[in-house]
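Asks: coords below, sequence missing:
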């Protein structure tokens, strides 16, 4: 799955449905390379999906995070949940 350039509150509803389906299907890789705008609502949704994956004994991997995505995750204190360190 690839996040859109604008990943914000306007996209949360659609992304919620996509993430629920992806978790159910075991698809746990998110490409964040295209993100040019991100807000707290969307980042919290993704962090919640990462936590849900962890509760299921799996990992949600965010690949190729853009500088904007990285800055948003770090600023919001979500880096531990969304930015891979391995």
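Replies: Okay, I see it. For clarity, every value in this text was computed on a predicted model and none was experimentally measured.

Asks: Over to residue 6: give its phi and psi.
Replies: Here is the backbone geometry of residue 6 (degrees, to the nearest 10): phi -110, psi 110.

Asks: Return the residues in contact with it.
Replies: 36, 37 (CB atoms under 8 Å, 6 or more residues apart in numbering). Using the backbone N, CA and C atoms, a C-beta is placed for each residue, glycine as well.

Asks: what separates it from residue 24, distance-wise?
Replies: 25 Å (CB to CB, to the nearest Å).

Asks: these two touch, right, residue 35 and residue 70?
Replies: No - contact between residue 35 and residue 70 fails when scored by CB atoms under 8 Å: they sit 9.1 Å apart.

Asks: my guess is residue 28 meets residue 62, correct?
Replies: No - in this structure residue 28 lies outside contact range of residue 62 using CB under 8 Å: 9.9 Å.

Asks: Who has more neighbours out of those two?
Replies: Ranked by neighbour count (other CB atoms under 10 Å), residue 28 and residue 62 place residue 62 first, with 22 against 18.

Asks: show me the contacts for the more buried one.
Replies: Residue 62 touches 30, 32, 46, 50, 69, 82, 83, 84, counting by CB under 8 Å, 6+ apart.

Asks: Give me the pLDDT for the fourth one.
Replies: Spelled out, that is residue 50. Here the pLDDT value assigned to residue 50 is 92.

Asks: Next secondary structure after whichever helix in the chain runs longest?
Replies: For the chain, the longest helix by residue count, based on DSSP state H, is helix 40-55. Counting by DSSP states H and E, the next helix or strand C-terminal to helix 40-55 is strand 61-63.

Asks: Okay, now the sheet partners of that following strand, with direction.
Replies: Applying DSSP bridges to the sheet, strand 61-63 is found paired with strand 29-31 (parallel).

Asks: so how far is residue 23 from the residue in the chain sticking out farthest from the centre?
Replies: No residue in the chain sits farther from the centre than residue 57, which is 17.3 Å out by CA atoms, centre = their mean. Note on residue 57: its distance to residue 23, by CB to CB, is 12 Å.
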